[in-house]
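# Next input, structure requested:
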Amino acid sequence: MKKGWMPALAVICLLAGCQDKDGPETAEPGDDGTVTTGAPAENSYTAPYTGLGMAEAPDMRPVLVTVNNHPKARPQSGLSGADIVYEMLAEGEITRLLALYQSELPDRIGPVRSARDYFVDLAAAHDALYIAHGYSPDAQTMLESGAVDHLNGMKYDGSLFKRSSDRVAPHNSYISGDAILKGADQNGFRMNGPADPDWRFDEELPDAAENAATIEISYGRNQAFESRYTYDPAEGTYARSSGGEATADAETGEELALSNILVLEAPHRIIDEKGRRAIDFGTGGAAYVFRDGLFQKAEWKSLGGVPTVMDGSKPFPLAPGKTWIHVVPDSPGLSGSVGYTE
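Numbers count the residues shown, from 1 in each chain. So this is what the prediction gives:
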C-alpha cells in the first residue's frame with residue numbers, strides 16, 4: 001500500500017529548505033533581528049490509524065493482539081492505547097477483540113486469547129505482527145504456514161507471555177510491549193515501516209441524516225456482550241460500556257474515549273460442531289458510521305483486505321482519534337443489531 005506520509009528527508013526539505021551542492025544555506029535575520037532556523041514544527045506527521053498529529057514520523061509496524069472479551073477477562077489491560085479495536089464473534093454469542101497498536105505500545109496487554117483464521121487474515125491485511133495465545137485448527141494451519149509474522153503463547157507461555165495470579169486460565173495470559181519487541185527481535189521480524197490503510201480523517205462534520213448521542217450494539221441475547229456508547233459533546237468523544245460496566249483500562253483506570261464507532265455487516269456462517277465461524281471480509285456490505293454525535297449510513301469494502309467504510313469512491317472521512325469497529329452478522333443485520341437515540 002502507498003505511504004500516507006513522505007520520507008523524513010523530504011519533509012525536512014520542504015519545511016526547512018534543502019541544502020544545495022555548494023553548501024548549506026545561510027540563515028538570514030528577520031526584521032526583528034531573530035534568525036529563522038527552519039526547524040520542523042511540532043506534529044509535522046500524521047498517525048495512519050488515528051489521523052492525529054505526531055512529532056516524529058510513524059515508524060512502528062502495527063501490532064495486532066487478540067484480546068479476551070469474556071466477562072471474567074474484564075477489565076482488560078492496554079485497550080486505551082489501541083488505535084483501533086475490532087470486535088467480532090468467535091463461538092456462540094461471545095465476542096473477541098483485536099486491538100491494533102501503531103501510535104504506541106502499552107506496557108501490558110491482555111488477557112490474550114486464541115487466534116481464528118479471520119483474525120489472521122486481518123493481521124495480514126494490516127501487515128501487522130500478530131499476537132495470540134492458542135488457535136483454532138484453521139488458524140494454526142495458517143500460522144504454521146507463515147501467513148503472518150506472529151508470537152503465540154502456546155510457544156512462549158511463561159517466557160514472553162506471563163500468567164496473572166489474580167485470574168484463572170484462559171483469562172490470565174498477558175504480554176508486555178517490551179516482550180513483543182523482544183520476541184520480534186529473537187525471530188528476526190521487522191518492526192518498522194508501517195503500512196498505511198489509506199483512511200481519510202477530517203475534523204469537519206460530515207453531512208448526516210440524524211443525531212445519535214447514544215448507541216447500543218447487540219450480538220444476540222447475551223447481555224454481557226451488549227455495548228453502549230454515549231457521546232460527550234464537550235470532549236467530542238464516546239464513552240463505552242459493555243455488559244453494563246464502563247470499559248476502562250485495568251492498568252490506569254482510564255475510561256476509553258473514542259472518536260469513531262463503525263458497525264459493519266458481514267456474512268457469517270458456522271463451520272464446525274464447536275460453533276466456530278467463517279466471516280467473509282472480502283464481499284463488503286452495509287455499514288453504520290457514528291462520529292461527532294451523528295449517524296450516517298454507508299457501505300464498506302475490502303481495500304487490500306482492510307475493511308474500509310466508503311463515501312462513494314473514497315474512504316469515508318473519520319474524526320481524528322481512536323476507532324472501535326463492530327463486525328456483526330448479516331442476519332439479523334445492522335437493523336437487528338444496532339439501536340441509537342438522539
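# which regions of this structure sit below the pLDDT cut-off?
Along the chain, the model assigns pLDDT under 70 to residues 1-41.
# now what about the lengthiest strand in it, what contacts it?
Identified as the longest strand of the chain according to DSSP state E is strand 294-303. Residues from elsewhere that reach strand 294-303 (CB atoms under 8 Å, 6 or more residues apart in numbering): 125, 197-198, 205-212, 262, 264, 281-289, 307-311, 315-316, 340. Every residue, glycine included, has its C-beta placed from N, CA and C.
# With stretch 254-262 instead?
Outside stretch 254-262, the residues that touch it by CB under 8 Å, 6+ apart are 50, 79-80, 215, 229, 232, 235-240, 246-249, 287-291, 300, 309, 318-326.
# Enumerate every residue touching the nearest residue to Tyr45 once chain neighbours are set aside.
Nearest non-adjacent residue to Tyr45, counting by CB to CB, 6 or more residues apart in numbering: Met54, 4.4 Å away. The contact partners of Met54, taken as CB under 8 Å, 6+ apart, are Asn43, Ser44, Tyr45, Thr46, Ala47, Ser103.
# Tell me which of those residues fall in helices.
Among the contacts of Met54, no residue falls in helices (DSSP state H).
# For PyMOL, write the select line for the buried members of these.
Remark: buried members of these, expressed as a PyMOL selection using 16 or more other CB atoms under 10 Å:
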select buried, resi 44+45+46+47+103
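# Among the contacts of Met54, which one sits closest to Val67?
Checking the contacts of Met54 against Val67 by CB to CB gives Ser103 as the nearest, at 17.0 Å.
# Find the nearest non-adjacent residue to the closest one, please.
Using CB to CB, 6+ apart, the nearest residue to Ser103 is Ala47, at 4.8 Å.
# What are the phi and psi values at that neighbour?
With angles defined as degrees, to the nearest 10, Ala47 sits at phi -70, psi 130.
# Report the contact partners of the residue most central in space within the chain.
Nearest to the mean C-alpha position of the chain, by CA atoms, centre = their mean, lies Ile84 at 1.8 Å. If a contact means CB under 8 Å, 6+ apart, then Ile84 has Tyr49, Ala99, Leu100, Lys322, Thr323, Trp324, Ile325 as its contacts.
# Could you do Arg200 as well?
Each residue near Arg200 by CB under 8 Å, 6+ apart is listed here: Asp311, Lys314, Pro315, Phe316, Pro317, Leu318.
# what about 7 Å?
Lys314, Pro315, Phe316, Pro317, Leu318 (CB atoms under 7 Å, 6 or more residues apart in numbering).
# and what of Glu104?
Here Glu104 is in contact with Gly81 (criterion: CB under 7 Å, 6+ apart).
# any idea how far it lies from Leu98?
Separation of Glu104 from Leu98 (CB to CB, to the nearest Å): 17 Å.
# Give the closest residue to Arg269 in space, chain neighbours not counted.
Spatial nearest neighbour of Arg269, excluding adjacent residues (CB to CB, 6+ apart): Ala278 at 5.3 Å.
# For the strand or helix carrying the one you found, which strands pair with it and how are they oriented?
Using DSSP states H and E, Ala278 falls within strand 277-279. Paired strands of strand 277-279, with direction, are strand 268-270 (antiparallel) (DSSP bridges).
# Name the residues of the partner strand that are buried.
Buried residues in strand 268-270, counted by 16+ other CB under 10 Å: His268.
# to the chain's geometric centre, what's the distance from that strand?
24 Å (CA atoms, centre = their mean, to the nearest Å).
# Just the residues contacting that strand, thanks.
If you take CB under 7 Å, 6+ apart as the criterion, strand 268-270 is touched by Leu89, Arg277, Ala278, Ile279, Pro329, Asp330.
# how far does the helix ranked longest in the chain sit from the chain's center?
In the chain, assigned by DSSP H, the helix with the most residues is helix 177-187. How far helix 177-187 lies from its chain's middle: 20 Å, per CA atoms, centre = their mean.
# got the contact list for Thr341?
Ala213, Thr214.
# The same query, at a cut-off of 10 Å, please.
Going by CB atoms under 10 Å, 6 or more residues apart in numbering, Thr341 touches Glu210, Asn211, Ala212, Ala213, Thr214, Ile215, Glu216.
# and the fourth one, how far is that from Arg221?
Translated: Ala213. Note on Ala213: its distance to Arg221, by CB to CB, is 26 Å.
# So which of these two has more stuff around it?
Ala213 (17 against 8; other CB atoms under 10 Å).
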